[in-house]
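Chemist: sequence plus the predicted model coming up.
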Amino acid sequence: MEILDAIRANLLSPAVLFFALGLMAALTKSDLKFPEPLYIGLTIYLLIAIGFKGGVAIAEAGIAKVWLPALAAMMLGALIPLWTFPVLRYGGKLSAVDAAAIAAHYGSVSAVTFIAATNYLKAIDVPFESYATAFLAVMESPAILVGVVLGKLATKKAGEASGASLKQAMHEAIFGRSIFLLVGALVVGALCGEAGMKKVEPFFVTPFQGVLALFLLEMGIVAGRRLEDLKKVGPFLLGFGIVVPLVNGALGVYLGKLTGLELGGATLLGVLSASASYIAAPAAIRMSLPDANPTLYLTSSLAITFPFNITLGIPIYLEIARKLYS
Amino acid sequence: MTTHAMKLVTIVCEAYAKAAVTKLLRDVGAHGYTLFAVEGDGSRGRREADIPEFTNIQVEVIVPPEVAQILLTRLEKEFFSRYGMIAFESDVRVLRPNKF
């Protein structure tokens, strides 16, 4: 019953209900639409708010406590594509370049899923290490690079300007606006510390939940518009998009425990491992592996894994952590 | 006032192709271009343009006819199979031909 309670608590939060509302809007073909600048504004706000808070937490906890789990997070991000690639290639009979592209998405992370998870933990009073935002920052890029290299190796098109496009993917993965903002805000937060936090708290902390609800409404619309594509991806990817997050989530929680995180922090590392990127990874992959089919990787990360994690996944990873820590 | 014959090449493509397309424009010798976000429907499905990464862009570039030929040939050979994209040329007349 515990798990059902955990799920219910998640489903009845404003953020998740607004996400469902967004899905409904898309499914009913409502003309509800966010202007693009608002979407960009909301992402900037959320990334800065979460980054700043994480930075302050790093300043409080000290680098000595953060580096080991951060390193573990980074390694996990880089390793996930290595095991998901053969599953996709041989289990799902996908082309090598498609398998590499999807593997990159699942190794990389979704900031919104992470933010929703921190929100959930806060709502049900489970304490967590706020510096976990640092794990989010370091987990985004490694998988993308590994995926691109896998794709290049597999397609053996190494001759044709692959150095340049790998460089491009690397640039996109490291200096893309989301990772740039997040790392930047982490550094600013770490430099300001608690004193700086007091100054920006009314803006970056108090309205945070409302902004997140607004943003998830928009993400519900964006994800919902892609639900039609589910028919195109077939049952294998549908299963993949749910089972792989569960496996990766459990791995992440376990690794969190091994590296000394508390229950809340381990849950967050589980959420990160389970989440799949749908902003940074598609942008980098589309440029460096243009032959991979975007419908496959976008639909599985955005229309399958993202809604799954937001609704059921997050409380499940918490329950896995609870079992492991009891 | 004297005007000179040039070609206007219009490319409508997914935003992900932006870096590759603008690089190609430089490679074939275009002196500049204009780019804006658009939305629409096509053979690869509707582009909602709801978030910047999923948007479509329209690139317009005015070049001498021989450059337009090279540009369209390379688009056809290197880009059409990889990206959601259409491209076409039209006749225009410009002032100050050396700008193009």
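Modeler: Structure's in. What do you need?
Chemist: what strand or helix carries the closest residue to chain B within the stretch 201-326 of chain A?
Modeler: The nearest approach of the stretch 201-326 of chain A to chain B comes at A:Arg286, 3.6 Å away (C-beta to the nearest C-beta). Any C-beta I mention is one placed from the backbone N, CA and C, and that applies to glycine too. Per DSSP states H and E, A:Arg286 falls inside helix A:280-288.
Chemist: sticking with the residue most central in space within chain B, tell me its helix or strand.
Modeler: Chain B has B:Ile11 as the residue nearest its centroid, 3.1 Å off, counting by C-alpha atoms, centre = their mean. In this structure, B:Ile11 sits in strand B:4-14 according to DSSP H and E.
Chemist: over to A:Ala276?
Modeler: Going by DSSP H and E, A:Ala276 is not in any helix or strand.
Chemist: OK, contacts around it?
Modeler: By C-beta atoms under 8 Å, 6 or more residues apart in numbering or on different chains, the contact list for A:Ala276 reads A:105-106, A:108-110, A:241, A:245, A:300-301, A:305-306.
Chemist: rerun at 10 Å
Modeler: Residues counted as contacts of A:Ala276 (C-beta atoms under 10 Å, 6 or more residues apart in numbering or on different chains) are A:80, A:84, A:102, A:104-110, A:113, A:143, A:241, A:244-245, A:248, A:297, A:300-302, A:304-306, A:308-309.
Chemist: picking that back up, check which helices and strands the helix holding A:Arg286 sits against.
Modeler: Judged by 3 or more C-beta pairs under 10 Å, 6 or more residues apart in numbering or on different chains; DSSP states H and E, helix A:280-288 is in contact with helix A:96-107, helix A:133-155, helix A:162-175, helix A:177-204, helix A:294-298, helix B:18-28.
Chemist: export the very next helix or strand once past the last one as CSV, just CAs?
Modeler: Pointing back at helix B:18-28 there. Moving toward the C-terminus from helix B:18-28, the first helix or strand encountered (DSSP H and E) is strand B:34-38. The C-alpha coordinates for strand B:34-38 follow below in CSV (Å, rounded to 0.1, in the frame of the first residue of the first chain):
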residue,chain,number,x,y,z
THR,B,34,18.0,36.4,-43.3
LEU,B,35,16.5,33.8,-41.0
PHE,B,36,13.2,33.6,-39.1
ALA,B,37,11.1,31.1,-37.2
VAL,B,38,8.1,29.7,-39.0
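Chemist: what's the average pLDDT for strand B:34-38?
Modeler: For strand B:34-38, mean pLDDT is 92.
Chemist: go through it and flag the buried ones.
Modeler: Buried positions in strand B:34-38, judged by neighbour count with 16 or more other C-beta atoms under 10 Å in any protein chain shown: none.
Chemist: partners of it, with directions?
Modeler: Strand pairing for strand B:34-38, determined by DSSP bridges: strand B:56-63 (antiparallel).
Chemist: so how far is the strand it pairs with off the chain centroid?
Modeler: 3 Å (C-alpha atoms, centre = their mean, to the nearest Å).
Chemist: quick one, it and helix B:18-28 angle?
Modeler: Relative orientation of strand B:56-63 versus helix B:18-28 (axes from the mean of the first three to the mean of the last three C-alpha atoms, to 10 degrees): 10 degrees.
Chemist: buried set for the following helix or strand past strand B:56-63?
Modeler: Per DSSP H and E, the first helix or strand lying C-terminal to strand B:56-63 is helix B:65-74. Neighbour-count burial for helix B:65-74 flags B:67-68, B:71-72 (criterion: 16+ other C-beta under 10 Å).
Chemist: export these to CSV and tack on pLDDT and distance to B:Met1?
Modeler: Listed next are these as CSV, based on pLDDT from 0 to 100; distance: C-beta to C-beta, whole Å:
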residue, pLDDT, distance to B:Met1
B:Val67, 96, 24
B:Ala68, 96, 24
B:Leu71, 96, 28
B:Leu72, 97, 29
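Chemist: can you tell me which of those is nearest A:Glu262?
Modeler: Distance ranking of the buried residues of helix B:65-74 against A:Glu262, using C-beta to C-beta, places B:Leu71 first at 58.2 Å.
Chemist: show the contacting residues for that closest one.
Modeler: Counted by C-beta under 10 Å, 6+ apart, B:Leu71 has contacts B:7, B:9, B:11, B:21, B:24-25, B:27-30, B:61, B:63, B:87, B:89.
Chemist: buried subset of the residues you listed?
Modeler: For the contacts of B:Leu71, buried by 16+ other C-beta under 10 Å: B:7, B:9, B:11, B:21, B:24-25, B:28, B:30, B:61, B:63, B:87, B:89.
Chemist: which residues are in contact with stretch A:57-69?
Modeler: Outside stretch A:57-69, the residues that reach it (C-beta under 10 Å, 6+ apart) are A:54, A:70, A:128-135, A:138, A:186-187, A:189-197, A:255-256, A:258-261, A:265-266, A:268-269.
Chemist: return the set of buried residues in it.
Modeler: For stretch A:57-69, by 16+ other C-beta under 10 Å, it's A:57-59, A:65-66, A:69.
Chemist: isn't B:Ile86 up against B:Val12?
Modeler: Yes: taking C-beta atoms under 10 Å as the definition, B:Ile86 is a contact partner of B:Val12 at 5.2 Å.
Chemist: between these two, which contacts overlap?
Modeler: By C-beta under 10 Å, 6+ apart, the residues touching both B:Ile86 and B:Val12 are B:40, B:42, B:58.
Chemist: out of the residues you listed, which is most surrounded?
Modeler: The most crowded member of the shared contacts of B:Ile86 and B:Val12 is B:Gln58, carrying 15 neighbours; neighbours defined as other C-beta atoms under 10 Å in any protein chain shown.
Chemist: and the residue of chain B found nearest chain A, what does it touch?
Modeler: Residue of chain B nearest chain A, by C-beta to the nearest C-beta: B:Tyr16 (3.6 Å). Counting by C-beta under 10 Å, 6+ apart, B:Tyr16 touches A:282-287, A:290, A:294, B:53-55, B:57, B:82-84.
Chemist: hang on, the earlier thing: mind giving me the packing neighbours of the strand holding B:Ile11?
Modeler: Packed next to strand B:4-14, using 3+ C-beta pairs under 10 Å, 6+ apart, are helix B:18-28, strand B:34-38, strand B:56-63, helix B:65-74, strand B:85-94.
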